[in-house]
Structures are given as structure tokens and as C-alpha cells.
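> Show me the folded form of this:
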Amino acid sequence: MRIGVVTFPGSLDDQDAARAVRIAGGEAVTLWHGDADLHGVDAVVLPGGFSYGDYLRCGAIARFAPVMGPLVDAANGGLPVLGICNGFQVLCESHLLPGALVRNDHLHFICRDQKLRIESTSTAWTSSYEVGQEIVVPLKNGEGGYVADEATLDLLEAEGRVVARYLDLNPNGSRRDIAGISNARGNVVGLMPHPEHAVEALTGPTTDGLGFFTSILKGLVEAS
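Numbering: from 1, shown residues only. Below you'll find the predicted structure:
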């Protein structure tokens, strides 16, 4: 299965995401921000980094990149999309996910290994996990606080669209300890921590992040 990884100016983790796809058993396909073509991929990862320097707001310029036009249309049609860190911000700016990511409440960049609890396994990217499973993956952000109005937060909770929550400590002030969410269909997921940095024992604190990538590959195979 072919998983596209978008590279924006300022992307830092596109190669890490592509490596995670390959370790999981998929074919990683490079998608360039200026190319309005998804090249027939079966799913897309929007990686972490600082797209377009994070000027204006994080992800605000990337939303208008040529590649995002067909990506938004495809995502609305069911294409699986995972946004990690800056990719999560891009998904919110593109209105594929509700809410926004704002400056950490302590006003400092944070980099740490973070414990999470998987809250939903009904998305295209989390089916390899168990509900309530605790995992550890790296976290690194300066604008990682997830915010939304109370009605939106209540809707996410009621529809089971909170994908992951922070455990032990809330590192950035995210409302209700939310680390990741999905759209109603479950094909689009945004996650602030970095599962692509926890896919092999040599370099990650764990291999707990690999499940995001094996989940999508398994789902695509089953659907083919």
C-alpha cells in the first residue's frame, strides 16, 4: 500500500514518517507541497515541523498549499489522513478537524517522552491498539494546546472522537487532556505527539508508535 508523506517548506519529520511507513511494511511516497496531485496514494501523512516557518499561525499558510486542495477533497471522500504535530495544526486550519492548537500554557517549547492513553480504536489509524492501552511516544511542541468551545468538546466526547489523552501530566494545557482527535468518519486523525519517532527500539523510547502505521496498512489491505 502506498502512503503519501507531504513535504512543506519547514517540514522536519517527513523522512521520519516515511521511514515509519516502510518499517510498518508500506511504500512511502513523497508528496510535494507545490504539486496539486496525490499521485494515487492510499493514505496521507502530514508530518511535523514548522510549515512555511509557522508564520501567521501554525499551519495557516500550509492550508493554502496546492497539495491541500486535492487532499481536503479526498479526505472528505474517505481518504485516510494522519496529521502529526504541525500536521494536526494543518488539519485544524483546513477545517478537516474542529478546534485549534494554541501556544503552550507555560509559554515554553517542550520536548519529552509522553505517556498517552488510547481512547478510540475505531479510526483508520488506531485499530491495532486496545481501548485504554497506555503508550509512550515523544512529544515536542511550542503550540500544542488543543482548544475548542465546550459544545465541540462535548460532541467529541459523546461521539468517541477523542483518540488519545495525555497521562501523568498535561504538557501544554490541552483542554480535557486531549492529545489527538478524529473526524466523525474516523478516516482523519490529528495527533500532537510523534508516533513516527517510536517505531524501532534503536532510536525510540519504545516501539509504541508503530501501531498507527500498522493500523492503516492493515485496514487498507482488508478493504482492498
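
> Check which helices and strands the lengthiest helix in the chain sits against.
Criterion DSSP state H: the longest helix present in the chain is helix 210-223. Applying 3 or more Cβ pairs under 8 Å, 6 or more residues apart in numbering; DSSP states H and E, one finds that helix 210-223 makes contact with strand 2-7, helix 14-24. Every residue, glycine included, has its C-beta placed from N, CA and C.

> Show residues contacting that helix.
Contacts to helix 210-223, defined as Cβ atoms under 8 Å, 6 or more residues apart in numbering, come from residues 1, 3, 20-21, 23-26, 42-43, 80, 82, 123-129, 135, 191, 195-196, 198-200.

> one step back: now the helices and strands packed on helix 210-223 in JSON lines, with distance to residue 183?
Output for the helices and strands packed on helix 210-223, formatted as JSON lines (distance: least, Cβ to Cβ, whole Å):
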{"stretch": "strand 2-7", "distance to residue 183": "18"}
{"stretch": "helix 14-24", "distance to residue 183": "20"}
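
> Put together JSON lines for these, with mean neighbour count and distance to residue 178 on each row.
Shown next, in JSON lines, are these (neighbours: other Cβ atoms under 10 Å; distance: least, Cβ to Cβ, whole Å):
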{"stretch": "strand 2-7", "mean neighbour count": "24", "distance to residue 178": "24"}
{"stretch": "helix 14-24", "mean neighbour count": "21", "distance to residue 178": "22"}
